[in-house]
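In: this one's structure only:
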């Protein structure tokens, strides 16, 4: 017997889920090509993802901040 194909977790979608790129690490769902992006499958972890990205970008910008050398 062949292994059962994993279907897209999005509501009313019957497409097969894509391996690796269709796996959402925030909501643990499996999605097809149309629903693989966080915004497309209305991910429950979307706000957490945005917050993490914002904090990471802020830290990167802060570390690259130009310092003025006084007295030159």
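Out: Okay, I see it. Every value quoted in this text rests on a predicted model; they were computed, and no experiment measured them.
In: for residue 21, which non-adjacent residue is spatially closest?
Out: Using CB to CB, 6 or more residues apart in numbering and skipping residues adjacent in sequence, the residue nearest residue 21 is residue 36, 5.8 Å away. Quick note: C-beta positions are derived from backbone N, CA and C, even for glycine.
In: ok so residue 53 is a strand residue?
Out: No. Applying DSSP: H, G, I helix; E, B strand; the rest coil, one finds residue 53 to be helix, outside a strand.
In: pull the number of nearby residues for it.
Out: 10 (other CB atoms under 10 Å).
In: same check on residue 46?
Out: 16.
In: which pLDDT value belongs to it?
Out: For residue 46, the model assigns a pLDDT of 87.
In: which non-adjacent residue is nearest it?
Out: Sequence neighbours aside, residue 38 is the residue nearest to residue 46 in space, at 5.0 Å (criterion: CB to CB, 6+ apart).
In: output the below-cut-off pLDDT ranges for the chain.
Out: Scanning the chain for pLDDT under 70 picks out 1-3, 72.
In: for the residue nearest to residue 21, what are its contacts?
Out: By CB atoms under 8 Å, 6 or more residues apart in numbering, residue 36 lies in contact with 18, 21-22, 24.
In: what distance do you get for it to residue 12?
Out: Residue 36 sits 16 Å away from residue 12, going by CB to CB, to the nearest Å.
In: ditto for residue 32
Out: Per CB to CB, residue 32 is found 12 Å from residue 12.
In: looking at the two, which is more packed in?
Out: residue 32 (20 against 5).
In: next up, the contacts around the more buried one.
Out: Residue 32 sits next to 8, 10, 13, 15-18, 22 when contact means CB under 8 Å, 6+ apart.
In: buried residues in stretch 52-62?
Out: Buried residues in stretch 52-62, counted by 16 or more other CB atoms under 10 Å: none are found.
In: ignore the last one, stretch 14-33
Out: Buried-residue list, stretch 14-33, by 16+ other CB under 10 Å: 17-18, 22, 24, 27, 29-32.
In: what do you get for stretch 33-48?
Out: Across stretch 33-48, burial judged by 16+ other CB under 10 Å covers 35-36, 38, 41, 43, 45-46.
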